[in-house]
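Novice: next one to model:
(one chain, ligands or ions: 1)
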Amino acid sequence: MNQPTTLEPYNLFSTDPVLADAVAREGASDLAGLADFGERMGTEAMFGLGRDANAFSPTLRTHDRFGDRVDEVDYHPAYHSLMEFSIREGIHASHYDGRPGDGRYIERNARMFMGAQVEVGHHCPTSMTGAVLHALNHQPDVAEVWAPRIKTRSYDPRLIEASKKSGVLMGMGMTERQGGSDVRANTSTAAPIDGGGPGGLYALTGHKWFTSAPMCDAFLVLAYAPNGLSCFLLPRILPDESRNSIHLMRLKDKLGNRSNASSEIEYTDATAWLIGEEGRGVNTIIEMVSGTRVDCTNWSAAMMRQAVSQAAWHVSGREAFGARLIDKPLMQNVVADLEIETEAATLMVMRLSGAFERSTVDEDEKAFFRLGSAVAKYWVTKRSTPIIREALECVGGNGFVEESILPRLYREAPLNAIWEGAGNVIALDVVRALQRAPEAGVAFVAELERASGVDPTLDGAIDQVKAALKEPSLNEADARRFIEQLAIAWSSALLIQHAPDAVSDAYVDSRLAGDHGFELGTLSSNVDVAAISRRAVPLPA
Ligand SMILES: Cc1cc2nc3c(=O)[nH]c(=O)nc-3n(C[C@H](O)[C@H](O)[C@H](O)COP(=O)(O)OP(=O)(O)OC[C@H]3O[C@@H](n4cnc5c(N)ncnc54)[C@H](O)[C@@H]3O)c2cc1C
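Specialist: Just a heads-up that it's a prediction; the model follows:
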């Protein structure tokens, strides 16, 4: 009946040479382990768990039948299965097992990339749980207690005191009703108990307007202590096994991300430990955000890959007007346009991951990551929405139907551009990064220059970036134009170095030289769209 077979089961790693080459280049050594993961992640059963975890969203139980507060969130068994799988695989924290720069983080990010293609919502807590460890470095005595609990490979969803659990999950509470991006507008307060101070106890009162994964065992949160906005570790259950004084008011009814609960929470004299110094809360929690930012950039690239794989698979197995769709020149143009953008996003995320992994032992990588993480977060999280939308259209009417994964990917896509810094905030962060840390600009130019001397269009773009970086002050209103200039030049440089000429030429000509229409599928006739579109079909290497 001219309906393609389902793509699943398929190996998410061995059918994706762009991913495999990128992670090998950035230091991954266990490629066989990644291929094994790709096989296990790409089963019909795993895709089914992803579907169910989103079809049956979590629900909040505020009270028991006697009227006492319970503040419990109930999740579908599919969600628990996904969590169990991802924690056992160490996606939350396996990268802390080894030495800095030994390739563990890039391997973990490859697993994250594959896992997010199947179900991304449950990765909100897996991402936050590991990322907390960066911030806990500011308070070694608290880290000593919590880090071993975080690093276990055991998913233990019981709401009991953390020391009695085989593994814990961690969340984050920054956003309040009156200010999300502008966290300094927070009104929650923290009163010292017994003098307070780093590692000391405080009583927190206030609210958080968004706290995702509220079933986490503890959260890093911001509140105003006497000396300013500070970071605290707030457990749900206290060491004496009593419930901390936090109440889940309701769960958000969201566009997407429906497997993941996002709550509104109120604190009334809730007990929490100060992490780092009073008044240094933003600097402390931002260490956590660095990790989760890379993850949500990764998720966007992963969802692009999943959407484009589904689209390319569909058009390979479907005929219209007497031929397979993938052999129709105009469809080839659309799929090729989707593919070059997805390849660029994959290269960017994996290059960024490598830089983050090496940033603790390499000052140049640290400087590059400072700017590169913001550029990638802005660009990849934004590009995913139009790419997924067009991929959905390739699948025709079936693409609009839930049974194809595409509607879920499409609803999910805009979120990554909002949390962990919305687009404008990230664009302004780039301006700030350059003003405060000019070495970040120098490192970014060095990154672009790895590809110089090959394509005059890129060489011209690098000169423009250099000239823009020389400006003593950047106009806020131009921040998006500026960050896009950086992103497209970086994408071009990556593709020139690591992709076949057909792909890099298509990208440079369309994105840098501007030979492209408003919509996707408008590559010029010089581009080898037939060859590029075939790269999008997920077939074993
Ligand atoms: C599903 C979901 C889950 C979430 N989970 C969590 C969580 O677990 N923990 C948590 O702390 N938060 C969470 N958030 C909150 C999220 O981080 C914030 O929504 C985000 O930081 C933006 O803050 P805001 O909503 O207050 O928007 P605002 O800060 O009011 O921003 C609104 C718009 O204004 C723009 N803007 C802001 N400042 C400027 C400026 N100076 N110039 C120009 N434009 C500007 C922004 O880019 C944005 O487009 C979650 C959000 C969602 C949607």
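Novice: right, and the helix or strand after the helix or strand bottoming out on mean pLDDT in the chain?
Specialist: Lowest by mean pLDDT, DSSP states H and E among the helices and strands of the chain is helix 423-436, with a mean of 91. On the C-terminal side of helix 423-436, the nearest following helix or strand under DSSP states H and E is helix 438-449.
Novice: who's in contact with Val380?
Specialist: Shown in contact with Val380 (CB atoms under 8 Å, 6 or more residues apart in numbering): Thr297, Ser300, Ala301, Met304, Ala345, Met348, Val349. In short, each C-beta sits where N, CA and C put it, glycine included.
Novice: returning to that earlier point: what about the least confident helix or strand of the chain and the ligand, any contact?
Specialist: Yes - on the criterion CB under 6 Å from any ligand atom, helix 423-436 is in touch with the ligand at Gly423, Asn424, Val425, Leu428.
Novice: what count of nearby residues applies to the nearest residue to the last one once chain neighbours are set aside?
Specialist: Read it as Leu428. In space, and not counting its chain neighbours, Leu428 is closest to Ala479: 5.5 Å by CB to CB, 6 or more residues apart in numbering. Using other CB atoms under 10 Å, Ala479 has 21 other residues around it.
Novice: dihedrals phi and psi, Ala479?
Specialist: Torsion angles at Ala479 (phi, psi; degrees, to the nearest 10) stand at phi -60, psi -40.
Novice: quick one, strands of the protein?
Specialist: Along the chain, the stretches classed as strands by DSSP state E are 59-63, 69-74, 170-173, 189-192, 201-212, 218-225, 228-235, 246-251, 262-275, 319-320, 323-324.
Novice: give me the buried positions along the longest one.
Specialist: Neighbour counts over strand 262-275 (16 or more other CB atoms under 10 Å) mark Ser262, Ser263, Glu264, Ile265, Tyr267, Ala270, Thr271, Ala272, Trp273, Leu274, Ile275 as buried.
Novice: mind checking how far the last one is from Thr152?
Specialist: Which is Ile275. 21 Å (CB to CB, to the nearest Å).
Novice: still on that earlier bit, go through the strands of the chain and pick out the most buried.
Specialist: strand 170-173 (a mean of 28; mean count of other CB atoms under 10 Å).
Novice: what strands flank that one, and is each parallel or antiparallel?
Specialist: Its sheet considered, strand 170-173 pairs with strand 218-225 (parallel) by DSSP bridges.
Novice: for the partner strand, what does the pLDDT average out to?
Specialist: Regarding strand 218-225, the rounded mean pLDDT is 98.
Novice: can you count the residues close to the residue nearest to Ala422 when sequence neighbours are not counted?
Specialist: Once flanking residues are discounted, Ala422 sits nearest to Ser181: 6.1 Å by CB to CB, 6+ apart. Counted with other CB under 10 Å, the neighbours of Ser181 add up to 14.
Novice: hang on, Ser181 packs against Val425?
Specialist: Yes - using CB atoms under 8 Å, Ser181 makes contact with Val425 at a distance of 4.6 Å.
Novice: so where's the stretch 401-541 of the chain uncertain?
Specialist: Across the stretch 401-541 of the chain, the ranges flagged by pLDDT under 70 are 471-474, 541.
Novice: enumerate the residues of it near the ligand.
Specialist: Residues of the stretch 401-541 of the chain found near the ligand (CB under 6 Å from any ligand atom) are Leu415, Ile418, Trp419, Ala422, Gly423, Asn424, Val425, Leu428.
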